[in-house]
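S.K.: Fold the following and give me the result.
(chains A and B)
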Amino acid sequence: MAQRSIKQRGSTAWLSKESQREALAGYLFILPTFIGYTAFIIGPILAAIGFSLTSYDILSPPEFVGLENYTNLLTDPRLQKVYLNTIYFTVVAVSLNVGIGLLLAVLINRHMPSFLKYIFRTAYFFPVLVALSYCSIIWQYLYQKDTGIINYYLSYLNVDAIPWLSSPQYVMPSIILMDVWKNSGFAMLVFLAGLQNIPQDYFEAAELDGANRWQLFRYVTLPLISPTLFFNVIIYMIGALQVFDSIVVLTQGGPGDGSRSIVMYIYENAFQLFQMGYASAVAITLFIIIMLLTLVQFRVGQAWVHYE
Amino acid sequence: MSSTSVGTQKLSRRTMLRLSAMTAAGAVIAACAPAAQAPAAGGGASAPAADSAITLTIFDFGGDADKKIYADAHARFAETHANVTIVDNFTPVTTWSEYSNKIVTQVAGGQSPDIINIAIEGARLLQSKNILVPLDDVISADASSKELTDDVHEALIAPFNIDGNTWYIPHSWNNMVIYYNTKIFADAGLEAPKADWTWDDFLETAKTLTTGEGDNKVFGFGIPNFNFGLTPWLLTNSTYQLTDDWTQSNLNDPKVTESVQFVHDLVHVHGVAPAVEGTDTGNLFSAGRLAMSGWGHWPIQGFIANDFQDFDVVYWPRKTASTSVFGVGGWGIAKATAHQDIAWELIKELTSKTTIQATADVGVAIPARRSVAESEEFLKFPPNAKIFYESLNDTKPVASPANFNELETIFMRHMGEIMSGATAPDVGMNAAHDELTVAMEKLQG
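M.R.: Residues are numbered from 1 along each chain as shown, chains lettered A, B, ... in the order given. Model prediction:
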């Protein structure tokens, strides 16, 4: 057995010439993606870290201010409100999106004529494809308190006009509703793929053992699609923490700060108030929070995700 | 198989990651070095040889109609200046803050245009960032410019005089007037509102015209829920968002709270206006669901295109004053230009009677030139169109300090809370005052 020093562990020095060529080819293949990643993701993140230590109004050179931006953001009342909005949105929207996506997938995955399956899949996935700005404008017309269609039909049921977008209490649920309508189709599609990977034998064996529908779902389906569930939760959580487009056309963050998300606040500080340094500090803290939450998810996932 | 010499270079995964992190850090540090943007020395004082090719870049806003008007003006300019190519960069305007941001960001990125088209809301911002050339010398050196300044109302020129210099040449402007549906008024047996009608007259009219339920519901008034559209309520109550010298917030003035309370009550107390969130007053008005609303000159062509002409305009109702609000757009020359003289020639063409007349025909804005605004074509619709230019006799510009972005976002955010009923008008305006005071202090300091 070749004695390999710690320095050489992981190096290709011990491979044959041909394997070295293969390794080089491998590196070359990933080089374009790697360059793109470095230039467009790593670079800007490092730049943001740098800017967060400065006061920078885009036109004049940045001025070093140390950790002042970070101490400011700890005492910023608007930032607290904005974080609360975003966390509320994340918890509710992710649960609903993933839950409804799973429910729809399970329902569609049953025995039915394939053209019916096709229609349902298309119908539920279609909102994902429509541009968000169109959706937001139409939903504005639906949601408008005095002239909107939803309140019009609710008046036939003798329900008072609901201030969907006009009241700080209803505005976040309204946005979540539109977001779930639009995005749960994607989760459904991913779950359908996961469900179709489950071998039928497991279901047959469980049915032979006398399992009812709920037991089948709880003890056969769920564990076997747990990787898909994990994937969906992570993706939706990362997206929900960065929500911007869903809100900006519908309410522009209003009323007041009632529906403003963190990314909207970052955008406002960077590009409307010319405080790029402060905005970068908020962005870096968001980056750290998302990273920590994702790590936690991976950790917790080891307990409940069953990989085959 | 055994350990080889250390000298052989093999790329391990660890080394790869180390190298790439260093590359990224290096690239960032290189890019972060403040771009020492020395503007073109001398500002193009010497006229270039007439046969050298010159390119002028304009940073511009507007719609398709404006693009065509400017293209025609450029074509006329090319007849006398064949060596000049004009590049017209158009940006649609959502809010003036965003438009000004784009210019500032582009200039910061080293791509300064030669000529800038901007409205008053961004005028001071650009001037304070040292992006522009003062125009007094070119104006006094050019005898033909007197014809222009004589043809423009002094109220439109004044906002572009900052710190004793002229920075922009006005081309068009807008104000806020009340639009009312003549058919709804006639059906209700009401006469047209008088020019000097009061807030009380307005409220009575709105209440009378708020009728119906569900499908047939018509509201008396649609609130123009934007900074420019809310300012008339302040001006007709003899108050303003800032002190007269534009250095301090005036939002804690009880008259400001009174105006905001009046607007708030239109929705929450009298029920004459629909909730402002998500409301498209333009569509509702042309669909006959609003008896009245407020705009400048800009929606008229859109209404005509949608076959809706049953409307006329009237002055804003007054409480203690008849002052109207206006905003004006103008052309400025960037400091970074190398062709200041040619840029000035182009600006003269862009503010010539021919170009301004074409602007008036499109009808989005009111022409700055009196001769055009008092022409038959401009006055032919709506019937009371004469009040547009007439309003300049008692008018005040929309409050546009260099930090207009902050002023607008602070004011509208608190208005949003007030209009949703979450905050009382006095509490909301006092909170806005506190925030705006900090912002104005930052501007002075």
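
S.K.: what pLDDT does the most centrally placed residue in chain A get?
M.R.: With distances taken as Cα atoms, centre = their mean, A:Gly239 lies nearest the centre of chain A, 2.1 Å away. Per-residue confidence at A:Gly239 stands at 93 (pLDDT).

S.K.: Let me see the contact set for it.
M.R.: Contacts for A:Gly239 (Cβ atoms under 8 Å, 6 or more residues apart in numbering or on different chains) come out as none. C-beta coordinates here come from the backbone N, C-alpha and C atoms, glycine included.

S.K.: which SS state does it fall under?
M.R.: helix (DSSP: H, G, I helix; E, B strand; the rest coil).

S.K.: measure B:Phe381 to B:Thr57 for me?
M.R.: 36 Å (Cβ to Cβ, to the nearest Å).

S.K.: For the two, indicate the residue with more neighbours.
M.R.: Neighbour totals were compared for B:Phe381 and B:Thr57, and B:Thr57 leads with 20 against 16 (other Cβ atoms under 10 Å in any protein chain shown).

S.K.: tell me the contacts of the more buried one?
M.R.: B:86-87, B:89, B:113-115.

S.K.: List only buried entries from those residues.
M.R.: B:86, B:113-115 (16 or more other Cβ atoms under 10 Å in any protein chain shown).

S.K.: between those, which is closest to chain A?
M.R.: B:Pro113 (15.1 Å; Cβ to the nearest Cβ).

S.K.: pLDDT on the helix or strand containing A:Lys81, on average?
M.R.: Using DSSP states H and E, A:Lys81 maps to helix A:77-108. Helix A:77-108 shows a mean pLDDT of 95 in the predicted model.

S.K.: Tell me the helix or strand right after that helix.
M.R.: Assigned by DSSP H and E, the successor of helix A:77-108 is helix A:114-129.

S.K.: how far out from the middle of the chain is that next one?
M.R.: Taking Cα atoms, centre = their mean, to the nearest Å, the mean C-alpha location of helix A:114-129 is offset from the chain mean by 22 Å.

S.K.: before we move on, what about stretch A:178-187?
M.R.: How far stretch A:178-187 lies from its chain's middle: 11 Å, per Cα atoms, centre = their mean.

S.K.: cool, and stretch B:290-301?
M.R.: Centroid separation between stretch B:290-301 and its chain, computed with Cα atoms, centre = their mean, is 16 Å.

S.K.: Give me the buried positions along that stretch.
M.R.: B:290-297, B:299-301.

S.K.: tell me how far the ends of that stretch are from each other?
M.R.: 18 Å (Cα to Cα, to the nearest Å).

S.K.: Around B:Gly445, count how many other residues there are.
M.R.: 5.

S.K.: that older thread, name the nearest of the buried ones among the contacts of B:Thr57 relative to A:Ser19.
M.R.: B:Pro113 (56.8 Å; Cβ to Cβ).

S.K.: okay, now residue 76: neighbour count?
M.R.: Using chain A here. A:Asp76, neighbours per other Cβ under 10 Å, totals 16.

S.K.: right idea, wrong chain: chain B
M.R.: Neighbourhood size, B:Arg76 [other Cβ under 10 Å]: 14.

S.K.: check contacts around it.
M.R.: With Cβ under 8 Å, 6+ apart, B:Arg76 has these contacts: B:349, B:354.

S.K.: which SSE is it in?
M.R.: Using DSSP H and E, B:Arg76 maps to helix B:64-80.

S.K.: next structured bit after that helix?
M.R.: strand B:84-91.

S.K.: Just give me how far the next helix-or-strand element following that following strand sits from the chain centre.
M.R.: Per DSSP H and E, the first helix or strand lying C-terminal to strand B:84-91 is helix B:96-108. Put simply, helix B:96-108 sits 13 Å off its chain's centre (Cα atoms, centre = their mean).

S.K.: Would you mind pulling the contact partners of helix B:96-108?
M.R.: A:58-59, A:271-272, A:274, B:35, B:37, B:59, B:61, B:91, B:93, B:112-113, B:116, B:118-119, B:121-122, B:125-126, B:129, B:131, B:334, B:336, B:404-405, B:408-409.

S.K.: ok, now stretch A:253-264?
M.R.: A:78-79, A:81-83, A:85-86, A:89, A:165-168, A:171-172, A:175, A:241-244, A:247-248, A:250-251, A:268, A:282, A:286, B:277, B:413-414, B:416-417, B:419-420, B:422-423.

S.K.: which of those residues count as buried?
M.R.: Looks like the contacts of stretch A:253-264 have A:78-79, A:81-83, A:85-86, A:89, A:165-168, A:171-172, A:175, A:241-243, A:247-248, A:250-251, A:268, A:282, A:286, B:277, B:413-414, B:416-417, B:419-420, B:422-423 buried, using 16+ other Cβ under 10 Å.

S.K.: Could you list the low-confidence segments of chain A?
M.R.: A:1-15, A:308 (pLDDT under 70).

S.K.: Tell me where it has strands.
M.R.: Here chain A has its strands, by DSSP state E, at A:54-55, A:63-64.

S.K.: next one: the stretch 301-445 of chain B
M.R.: Applying DSSP state E, counting those that start in this stretch to the stretch 301-445 of chain B gives strands spanning B:311-314, B:324-333, B:366-367, B:395-397.

S.K.: any idea which of those is most buried?
M.R.: Mean neighbours per residue, mean count of other Cβ atoms under 10 Å in any protein chain shown, is largest over these for strand B:366-367, with a mean of 28.

S.K.: Pop the domain breakdown of the chain in here.
M.R.: Using chain A here. Following automatic domain parsing, one finds the domains of chain A at A:6-51, A:68-304.

S.K.: My question was about chain B, not that one.
M.R.: According to automatic domain parsing, the domains of chain B span B:50-174+B:327-396, B:177-326+B:398-444.

S.K.: Residue numbers of the stretch 51-200 of chain A in contact with chain B?
M.R.: Neighbours of chain B within the stretch 51-200 of chain A, by Cβ under 8 Å from any Cβ of the partner chain: A:58-59, A:61-62, A:140-141, A:143-148, A:152, A:155, A:163-168.

S.K.: hmm, try it at 10 Å
M.R.: Contacts of the stretch 51-200 of chain A with chain B, taken as Cβ under 10 Å from any Cβ of the partner chain, map to A:51, A:54, A:56-62, A:78, A:136-137, A:139-148, A:151-152, A:155-156, A:161, A:163-171, A:174.

S.K.: Now a PyMOL select for only the buried ones of the residues you listed.
M.R.: Selection command for PyMOL covering only the buried members of those, criterion 16+ other Cβ under 10 Å:
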select buried, chain A and resi 51+54+56+57+58+59+62+78+136+139+140+142+143+144+145+146+147+148+151+152+161+163+164+165+166+167+168+170+171+174
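
S.K.: What about B:Thr91, how many residues nearby?
M.R.: Neighbour tally, B:Thr91, other Cβ under 10 Å: 15.

S.K.: OK, contacts around it?
M.R.: By Cβ atoms under 10 Å, 6 or more residues apart in numbering or on different chains, the contact set of B:Thr91 is B:59-62, B:98-99, B:102-103, B:106, B:117.
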